[in-house]
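Visitor: Sequence first, predicted model second:
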Amino acid sequence: MDREKLFLHIQQLERNLRSMDEEMQILKELTVKLVEENVSLEIEKDNYEKLLSEKEEKNSSFKENSLKSLYDEGFHVCSIHFGTHRHGDDCLFCQSFFNERQS
């Protein structure tokens, strides 16, 4: 191989290296953006799950308190006699319902 061909070959390799370096920089920048977006989405997901569980707890507590107040007003909350008046008597089915909720 003569000197000129060798020199041209080296120049071509240098151009290829520069091009690869530029592509590598672009890839690094894209990777950083994707990692940042992923972290942001994970935080958002965690916040959403926390908010959702708090809402479910509030709804569950609201339902339980509503049923308890209905029972305290003298009505059945069990599936057998739901909504009918207890006439002051305690109902084992209603009480077992509340006991299951507390466990």
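Guide: Here it is on my side, so go on. Keep in mind that this is a model prediction, so the values were computed, not measured.
Visitor: from the middle of its chain, how far away would the helix with the most length in the chain be?
Guide: When the chain is parsed with DSSP state H, its longest helix is helix 3-72. Relative to the centre of its chain, helix 3-72 is centred 14 Å away, using CA atoms, centre = their mean, to the nearest Å.
Visitor: following it, which helix or strand shows up next?
Guide: helix 92-102 (DSSP states H and E).
Visitor: quick one on the thing from earlier: name the helices or strands packed onto the longest helix of the chain?
Guide: For helix 3-72, the packing partners by 3 or more CB pairs under 8 Å, 6 or more residues apart in numbering; DSSP states H and E come out as helix 92-102. Where C-beta positions appear, they are placed from N, C-alpha and C, glycine not excepted.
Visitor: So what touches the helix it packs on?
Guide: Outside helix 92-102, the residues that touch it by CB atoms under 8 Å, 6 or more residues apart in numbering are 64, 67-68, 71, 76-81, 86.
Visitor: swap the cut-off to 7 Å and go again
Guide: When contacts are defined by CB atoms under 7 Å, 6 or more residues apart in numbering, helix 92-102 is touched by residues 64, 68, 71, 76-78, 80.
Visitor: report the angle between the axes of the longest helix of the chain and helix 92-102?
Guide: Put simply, helix 3-72 runs at 150 degrees to helix 92-102, going by axes from the mean of the first three to the mean of the last three CA atoms, to 10 degrees.
Visitor: mean confidence for helix 3-72?
Guide: For helix 3-72, mean pLDDT is 87.
Visitor: Can you go through the contacts of helix 92-102 and name the buried ones?
Guide: Neighbour counting by 16 or more other CB atoms under 10 Å classes 71, 76-78 among the contacts of helix 92-102 as buried.
Visitor: Can you tell me which of the residues you listed is nearest residue 36?
Guide: Using CB to CB, residue 77 comes nearest to residue 36 of those, at 50.8 Å.
Visitor: list the contacts for the closest one?
Guide: 67, 70-71, 94, 97.
Visitor: Spatially, which pair of those is furthest apart? Let me know, please.
Guide: Going by CB to CB, the pair spanning these furthest: 70 and 97, at 11.4 Å.
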